[in-house]
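> Provided below for reference: sequence and predicted model.
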Amino acid sequence: MKDAYSYPEYCDVAYGWDRSPECDFIERCAERYSGRKGDSVLDLACGTGIHLREFARRGYRAAGIDRSREMAAFVAAKAEASGLKIDCSAADMKDFPAGGVFSFAICMLDSFRYLLTDRDIAAHLGLVSASLEDGGMYFLDLWMPPSEIDIAWEDVSWSRERGGTKVDARYLQHGRTYDPADRTFEDELIFKVESPAFGSTITSRARTRMLLYGELCRIAGEEGSFEPMGKFYNFDFDEKGAYNSRHIRTNIVLKKRR
Ligand SMILES: C[S@@+](CC[C@H](N)C(=O)[O-])C[C@H]1O[C@@H](n2cnc3c(N)ncnc32)[C@H](O)[C@@H]1O
């Protein structure tokens, strides 16, 4: 069976909640930490391009990469149908053609956790840095427990419907697969799709990393391109981030050194 990420039309329904508050917060971070709002964005592991479409509508030059060819083709087709200009190519976050000089970069909804080793993260940071203006921001959005002894494994379900297609979605983390030696574990997406053209369950199961903030700061420090500027929660400067919720999002701002 094909991986769920090979079905962008259903991912776009499942992930199709309003991302404009997330984009508002990203713009506020760019202004606060780069000193200006910027005019261009690069999205790493952009999926169906939900953030890219929102930024393109706001007037940004928008570009993204995703490992899935189907996702990249979907982003291009959807942009064209919406009258937006978005460049998207199929590439791996660890090894993509850097360049383009963007104001800021983003990596949303846990995609950064696909970088499994310190080496992969360092290689990725080097490539993102080579694609940014000096002082440009790299914004991360991911699940990140405060420590290894304070892990609340996620198991979240939601449903979304659009244009006659309904997706019952579940995202779960298989805590029993956690390996403390390299801090990786398996997570899984399960989409039960019902539409006139398709009725099946599609899944994606992959090894991902439980990255801690201190580890990210250490790797970024050793790699040298970025300075960590702060850690926030749920796209809100005022959110305290008490780790009592399974749905808390951690937002990290890195700034490219001049
Ligand atoms: C959870 S989705 C997030 C999509 C999007 N960022 C969002 O916020 O809706 C994860 C995406 O990461 C992509 N992906 C997984 N591993 C990748 C890699 N090594 N390089 C680039 N993209 C990758 C998948 O194809 C998928 O589209």
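Done, it's in.
> what sits against W143?
The contact partners of W143, taken as CB atoms under 8 Å, 6 or more residues apart in numbering, are 110, 113, 154, 173, 248-250. Placement of C-beta: from N, CA and C, glycine included.
> 10 Å - rerun?
109-110, 112-113, 151-154, 171, 173, 187, 208, 210-211, 246-250 (CB atoms under 10 Å, 6 or more residues apart in numbering).
> for I65, same thing?
I65 neighbours (CB under 10 Å, 6+ apart): 42-46, 71-72, 75, 87-93, 96-97, 127, 131.
> Give the partner strands of the host helix or strand of it in its sheet and their orientations.
Taking DSSP states H and E as the definition, I65 sits inside strand 61-66. Paired with strand 61-66 in the same sheet, following DSSP bridges, are strand 40-44 (parallel), strand 86-90 (parallel).
> could I have that strand exported to CSV, CA atoms only?
Only the C-alpha atoms of strand 61-66 are listed here, as CSV (Å, rounded to 0.1, in the frame of the first residue of the first chain):
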residue,chain,number,x,y,z
ARG,A,61,7.6,34.9,-2.7
ALA,A,62,7.0,31.4,-1.6
ALA,A,63,8.9,28.2,-2.2
GLY,A,64,9.0,24.7,-0.7
ILE,A,65,10.4,21.3,-0.8
ASP,A,66,8.9,17.9,0.2
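> Same question for the residue of the stretch 1-150 of the chain found nearest the ligand, what's its three-state structure.
For the stretch 1-150 of the chain and the ligand, the shortest gap (CB to the nearest ligand atom) falls at G47, measuring 2.4 Å. Here G47 is recorded as coil under DSSP: H, G, I helix; E, B strand; the rest coil.
> right, and it touches P8 too?
Yes: counting by CB atoms under 10 Å, G47 does reach P8; the two are 7.6 Å apart.
> got any residues that touch both of these two?
15, 66, 68, 71, 74-75.
> So which of these reach the ligand?
Among the shared contacts of G47 and P8, the residues within reach of the ligand (CB under 6 Å from any ligand atom) are 15, 66, 68, 71.
> sorry, back to before: just the buried residues of the contacts of W143.
109-110, 112-113, 151, 153, 171, 173, 187, 208, 210-211, 248-250 (16 or more other CB atoms under 10 Å).
> so which of those would you say is closest to V101?
Minimum distance to V101 across the buried ones among the contacts of W143 is 21.6 Å, recorded for F112 (CB to CB).
> List the beta-bridge partners for W158.
A169.
> which SS state does the residue lying closest to V156 once chain neighbours are set aside fall under?
Once flanking residues are discounted, V156 sits nearest to Y171: 5.1 Å by CB to CB, 6 or more residues apart in numbering. Secondary structure state of Y171, per three-state DSSP, is strand.
> Please list all residues in contact with Y171.
14, 109-110, 143, 154-158, 187-191, 204.
> Then D95?
Counting by CB under 10 Å, 6+ apart, the residues that D95 touches are 120, 123-124, 127.
> what about it, distance to F235?
29 Å (CB to CB, to the nearest Å).
> so how far does stretch 4-21 reach from one end to the other?
26 Å (CA to CA, to the nearest Å).
> neighbours of the residue of the stretch 1-150 of the chain closest to the ligand, just the number please.
22 (other CB atoms under 10 Å).
> Got phi/psi on it?
For G47, the backbone dihedrals (degrees, to the nearest 10) come out as phi 60, psi -130.
> With the one 3 residues further on instead?
Dihedral angles of I50 (phi, psi; degrees, to the nearest 10) stand at phi -60, psi -50.
> Spatially, what comes nearest to C23 if we skip its sequence neighbours?
E54 (4.7 Å).
> Which helix or which strand is home to the one you found?
Short version: E54 belongs to helix 50-57, going by DSSP H and E.
> what angle sits between that helix and strand 86-90?
Angle between the axes of helix 50-57 and strand 86-90 is 150 degrees (criterion: axes from the mean of the first three to the mean of the last three CA atoms, to 10 degrees).
> Right, I'll call it a day here.
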